[in-house]
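In: pasting the sequence and the predicted coordinates here, then a few questions.
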Amino acid sequence: MGLIVSENLQKDYQAGEVTVRALKGVSFNIEPASFVSFVGPSGSGKTTLLNLIGCLDKPTGGSLKIGEADVSALDRKQGASFRGKNIGFIFQDFNLMPVLTVYENIEYPLLMVQEVPVKEREKRILNLLQAVGMLEQKDKYPDQISGGQKQRVAVARALVTNPMLVLADEPTANLDHSTAYRVIELMKKMRDEFKTTFIFSTHDQKIVGEAEIIYTLEDGELTGKQVKGGGKNA
């Protein structure tokens, strides 16, 4: 049994009187500690799928299980609780709070979703700052660090709640290629160290190649799976 199991997942949206099917029966199985990319053109369903996995939206049909939970059956409140405890997020525009320091930005999810003692919070944050190479910048504010450093902080923030899964929608879109590679390599390093599953979407074909498992989406359908070092499977 995988960490994430999707069976015939569907998502419809209403555009006036027209029903738009953004996902058309998507099925896949992702194992723990995987490093996975969903790729495809704009409108292929990547963001919709990540929103469903992240419990930010509910499917119209099919089922989606993460760990032992059938997240497709959770209501809004239950989904928010599950998300806060089990899923970290990395955003393409960083989403750091400008009035908080690097340290405080990483601490914020712990204050919002978990009752973690002060000493434990400090230990987790300092360990992550060290791991992502941002310990010396811990007292700086977001406008005092580079884009690549901001995304390093975002990676640390995503991991601070010890999630089973981290989702990243176009995490390198606002970075130059060399910085983007460094961020992806950092995500891999964090996967290896914390055994956290990372799933990201991207348009960048060079970054796609850094994933170990690549799923291709076209017009809401899963059209291919490529395992690094292996062949393609429908």
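Out: Yes, it's here.
In: make it CA atoms for all contacts and neighbour counts henceforth
Out: Noted.
In: over to stretch 3-22 now: how far is its first residue from its last?
Out: Length of stretch 3-22, first residue to last, C-alpha to C-alpha, to the nearest Å: 23 Å.
In: that stretch - what's its average pLDDT?
Out: Averaging pLDDT along stretch 3-22 gives 94.
In: from the middle of its chain, how far away would that stretch be?
Out: Remark: stretch 3-22 is offset 20 Å from the chain centroid, using C-alpha atoms, centre = their mean, to the nearest Å.
In: just stretch 123-132 next, same as before
Out: With C-alpha atoms, centre = their mean as the basis, the distance from the averaged C-alpha position of stretch 123-132 to the chain average is 19 Å.
In: contacts for that stretch?
Out: The set of residues that contact stretch 123-132 without belonging to it, under C-alpha atoms under 8 Å, 6 or more residues apart in numbering, is 103, 106-107, 135, 138, 152-153, 155-156, 159-160, 186, 190.
In: buried residues, that stretch. List them.
Out: Of all the residues in stretch 123-132, those buried under the rule 16 or more other C-alpha atoms under 10 Å are 124-126, 128-129, 131-132.
In: that one - what's its average pLDDT?
Out: Averaged across stretch 123-132, pLDDT comes to 96.
In: CA atoms of it as PDB?
Out: These are the backbone C-alpha positions of stretch 123-132, laid out as PDB (Å, rounded to 0.1, in the frame of the first residue of the first chain):
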ATOM      1  CA  LYS A 123      15.300  22.700  18.500                       C
ATOM      2  CA  ARG A 124      13.300  21.900  15.400                       C
ATOM      3  CA  ILE A 125      13.800  25.300  13.900                       C
ATOM      4  CA  LEU A 126      17.500  25.600  14.500                       C
ATOM      5  CA  ASN A 127      18.000  22.000  13.100                       C
ATOM      6  CA  LEU A 128      16.200  22.900  10.000                       C
ATOM      7  CA  LEU A 129      18.000  26.300   9.600                       C
ATOM      8  CA  GLN A 130      21.200  24.400   9.800                       C
ATOM      9  CA  ALA A 131      20.000  21.800   7.300                       C
ATOM     10  CA  VAL A 132      19.000  24.400   4.700                       C
END
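In: so residue 106 versus residue 190, what's the distance?
Out: According to C-alpha to C-alpha, residue 106 and residue 190 sit 15 Å apart.
In: for these two, indicate the residue with more neighbours.
Out: A side-by-side neighbour count of residue 106 and residue 190, using other C-alpha atoms under 10 Å, places residue 106 first with 29 against 20.
In: quick one, helices of the chain?
Out: Under the criterion DSSP state H, the chain carries helices at the ranges 46-53, 76-86, 102-113, 118-131, 147-159, 177-194, 205-208.
In: next, the angle helix 118-131 makes with the fifth one.
Out: Compare the direction of helix 147-159 with that of helix 118-131 by axes from the mean of the first three to the mean of the last three C-alpha atoms, to 10 degrees and you get 140 degrees.
In: check the second one too.
Out: Inter-element angle recorded for helix 76-86 and helix 118-131: 60 degrees (by the same axes, to 10 degrees).
In: what's the answer for the longest one, then?
Out: Here the directions of helix 177-194 and helix 118-131 differ by 130 degrees (the same axes, to 10 degrees).
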